[in-house]
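> could you work out the structure for the sequence below:
(chains A and B)
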Amino acid sequence: DVKVTQSSRYLVKRTGEKVFLECVQDMDHENMFWYRQDPGLGLRLIYFSYDVKMKEKGDIPEGYSVSREKKERFSLILESASTNQTSMYLCASSLYGGSNQPQHFGDGTRLSIL
Amino acid sequence: SQQGEEDPQALSIQEGENATMNCSYKTSINNLQWYRQNSGRGLVHLILIRSNEREKHSGRLRVTLDTSKKSSSLLITASRAADTASYFCATPLSNDYKLSFGAGTTVTVRA
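Reported below is the predicted structural model:
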């Protein structure tokens, strides 16, 4: 079974802090994704990566950056955290390119910015 | 850019009953996926149906796809308390890697 592990289940940070969310997958998947999930809005794609060091913006990249130095690890960075970035963050991976691939999700990080 | 939309937003049923939820989407697709999310957890992939398929089964799940109406339905038969979760449909955005998820249907199965 694919395992996608997010480093923290809950995180509390202060406005202006630089925040790192880490995600690791153990199945040699090429694609990795970061979403945020807010009530009533569903999942919104922040960034995704289709290969090491490759990334593309999703629907809401403003205020975020990502890093993928190794195939198994995809990091989401909040450059200067703001209260409107309080949300549930979900990482996912899929085997290879194409929208017909199932995505495998981690259990999420519930991030609160005070 | 939300492509799919689930209906109803919430559903409450008795254990043993069937639960049906629908997904409508806007543009032509070559496949559609359904996911489940238990409270406080990540999404779990349930089933993928391709555009040339009308119906697909997996255990107690039955998914239909009507490309002429741009809609899909997910039926859970003989529901159990463990089926209490939110269910999402996901549709491709153009022909690339990305999926668009709806806001989900929250299903509560009462004992």
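
> listing partners with orientation, what would you give for the lowest-mean-pLDDT helix or strand in chain B?
In chain B, no helix or strand scores lower on mean pLDDT, DSSP states H and E than strand B:4-7, which sits at a mean of 85. Counting by DSSP bridges, the strands paired with strand B:4-7 are strand B:19-25 (antiparallel).

> which parts of the partner strand are buried?
Within strand B:19-25, the residues that count as buried by 16 or more other CB atoms under 10 Å in any protein chain shown are B:A19, B:T20, B:M21, B:C23, B:S24, B:Y25. The way it works is simple: take the backbone N, C-alpha and C, and place the C-beta from them, glycine included.

> where does chain B dip in pLDDT?
When residues are selected by pLDDT under 70, those of chain B lie in B:1-2, B:94-96.

> same question for chain A.
Across chain A, nothing is flagged by pLDDT under 70.

> chain B contacts on chain A?
Contact residues (CB under 8 Å from any CB of the partner chain) of chain A with chain B: A:4, A:31, A:35, A:40-43, A:45, A:48, A:50, A:58-59, A:90, A:92, A:94, A:97-108.

> next SSE after the helix or strand hosting A:L43?
Taking DSSP states H and E as the criterion, A:L43 maps to strand A:42-51. On the C-terminal side of strand A:42-51, the nearest following helix or strand under DSSP H and E is strand A:54-57.

> hey, C-alpha coordinates of that next one in CSV?
The C-alpha trace of strand A:54-57 is given here as CSV (Å, rounded to 0.1, in the frame of the first residue of the first chain):
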residue,chain,number,x,y,z
MET,A,54,10.0,20.5,-11.3
LYS,A,55,7.0,22.3,-10.1
GLU,A,56,3.9,24.0,-11.4
LYS,A,57,1.5,26.4,-9.9
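
> what packs against that strand?
Under the contact criterion of 3 or more CB pairs under 8 Å, 6 or more residues apart in numbering or on different chains; DSSP states H and E, strand A:54-57 touches strand A:42-51, strand A:64-70.
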